[in-house]
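A.B. asks: Pasting a predicted model and its sequence here:
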Amino acid sequence: MCELRNDPNLTSETYIGGSRDRLRQRRFLVQSVGGSRDTAEFSYTVGLTAHGLPELTVMGRRHDEAAKLLTIWGEYVLDRSRVLPGETLEAGPFVLEAVEVDRPGDHLCVAEELFGSA
């Protein structure tokens, strides 16, 4: 929710409402969270939950790269196949492994706010 940090007039309620509105027009969104000196930047999908699928996460990549990867994989799992823990996904030079996140609500705040905990 970088916009929340950059715009002092934007409230979390307004941001979540805007995300909800965008989800009415698209099947899923990509949310990015900026990193710091001690934590890696990460991005995740918001909306796959509504299709009975887990949200996807990419850590340690800049937003533009992560958004491309998550868009490719989000469309793949929606249109073709579920991805199970332990499976690998390839997109260009990237090969990633699907892993289950123990407590996704700790990190995927927008998805948690819109869809609740699994």
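C.D. replies: The structure has been received and is ready for your questions. Numbering: from 1, shown residues only.
A.B. asks: Residue 78 and residue 52 touch, don't they?
C.D. replies: No - assessed by CB atoms under 8 Å, residue 78 is found out of contact with residue 52, at 10.1 Å. Every residue, glycine included, has its C-beta placed from N, CA and C.
A.B. asks: With neighbour numbers in mind, choose between these two.
C.D. replies: Taking neighbours as other CB atoms under 10 Å, residue 78 and residue 52 compare with residue 78 leading, 16 against 7.
A.B. asks: Below-threshold pLDDT in this structure: ranges please.
C.D. replies: For the chain, the stretches with pLDDT under 70 are 1-7, 10, 15, 36-40, 99, 101-111, 117-118.
A.B. asks: which residues in it form strands?
C.D. replies: Under the criterion DSSP state E, strands of the chain are mapped to 29-33, 42-46, 57-59, 88-91, 94-97.
A.B. asks: which helix is the longest one in the protein?
C.D. replies: helix 63-79 (DSSP state H).
A.B. asks: Contacts for it next, please.
C.D. replies: The contact list for helix 63-79 (CB atoms under 8 Å, 6 or more residues apart in numbering) reads 27-28, 30, 32, 41-45, 48, 51, 53, 56, 58, 61, 83, 89, 91, 94, 96.
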